[in-house]
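Visitor: how does the following fold in three dimensions:
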Amino acid sequence: MKLIRIQVALAAAFLLSSSAFAQTDAPATPAAEPAASPLSFNIDVTSNYKFRGQDQDQSKTSGFKPALQGGVDYAFANGFYVGNWNSTINWTKYLPSNPSNNFEIDLYGGYKFKAGPLDMDVGALTYFYPGASGANTTEVYLGAGYGPVSAKYSQTVSKGYFGIGKELPGEGRGTGYLNFAFAQEVMPKLTFKASLGFTNFKGSANAAGFPNYMDYSVGASYDLGDGLSLAGAVVGADKKSSYTYPASVDTSGKSINKNTLLVTLTKTL
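Guide: Numbering: from 1, shown residues only. Have a look, this model is predicted:
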């Protein structure tokens, strides 16, 4: 009987020691990845802010026109999103009313969803220019993406298109912009990017001297880590005289549409 008790005790000790060994030797369960925050921030500095191929600082003709930019986005779990983006500028003073303004404020909202293999995006965006309301513009847009390729069409629904139709002759409402883009990682952390855009004005705007034109961008971005990225691109447009406010005051012969190398440093939080 005593022998049996000793054997039971030894077996219990063995089981306990085996369990303890297993717990000590087993790899720890990895901690779950924290859920991505629906709120994100971005800030960047660029050597030149071009919008649809055209310089947004038209106070000088050099290619180096640094701008400070930044914004905030909130993405809801159901696919809806809202956001704000801002940038320093210098072009509204060439409008007939000669307003004082050096800042652009963009407010937008929309809905992203899947349609088969396509990533869809529909929404509206308003460009505000405090102190220069004649430049304010509102557009609605529809975008679609498939892998590295995407397309987006924007249509102006406000009376004016960055001054056209409100302070400049022609008709702003109905102006269309179609953009095709390609973005593909070609090596770790390095992404090649290219885009082609087409601006189509109403006939009355064409008659007033604003021809339809094409813009383009070719470049790449590099992920530096910790939300920091560095991008470079050659950006320009084909009609060197299109939509140029300072045409009557700038006699240099240089265009706001000229090809320019842009370098941008971005921090995302």
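Visitor: where does the stretch 1-150 of the chain have low pLDDT?
Guide: By pLDDT under 70, the low-scoring segments of the stretch 1-150 of the chain are 1-35.
Visitor: in it, which spans are helices?
Guide: 2-25 (DSSP state H, counting those that start in this stretch).
Visitor: how about the strands in it?
Guide: 39-46, 50-51, 54-55, 67-75, 80-88, 103-115, 118-128, 137-146, 149-156 (DSSP state E, counting those that start in this stretch).
Visitor: can you redo the ones you listed as CSV with mean neighbour count and distance to residue 259?
Guide: For glycine as for every other residue, the C-beta is placed from the backbone atoms N, C-alpha and C. Below are the strands of the stretch 1-150 of the chain laid out as CSV (neighbours: other Cβ atoms under 10 Å; distance: least, Cβ to Cβ, whole Å):
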stretch, mean neighbour count, distance to residue 259
strand 39-46, 16, 16
strand 50-51, 19, 10
strand 54-55, 27, 11
strand 67-75, 16, 18
strand 80-88, 17, 21
strand 103-115, 15, 23
strand 118-128, 16, 24
strand 137-146, 17, 25
strand 149-156, 17, 23
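Visitor: export these to TSV and tack on distance to residue 173?
Guide: Listed next are these as TSV, based on distance: least, Cβ to Cβ, whole Å:
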stretch	distance to residue 173
strand 39-46	30
strand 50-51	19
strand 54-55	20
strand 67-75	26
strand 80-88	23
strand 103-115	19
strand 118-128	14
strand 137-146	10
strand 149-156	6
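Visitor: of all the ones you listed, which one comes closest to residue 96?
Guide: strand 137-146 (16.6 Å; Cβ to Cβ).
Visitor: partners of the closest one, with directions?
Guide: Looking at strand 137-146 with DSSP bridges, its partner strands are strand 118-128 (antiparallel), strand 149-156 (antiparallel).
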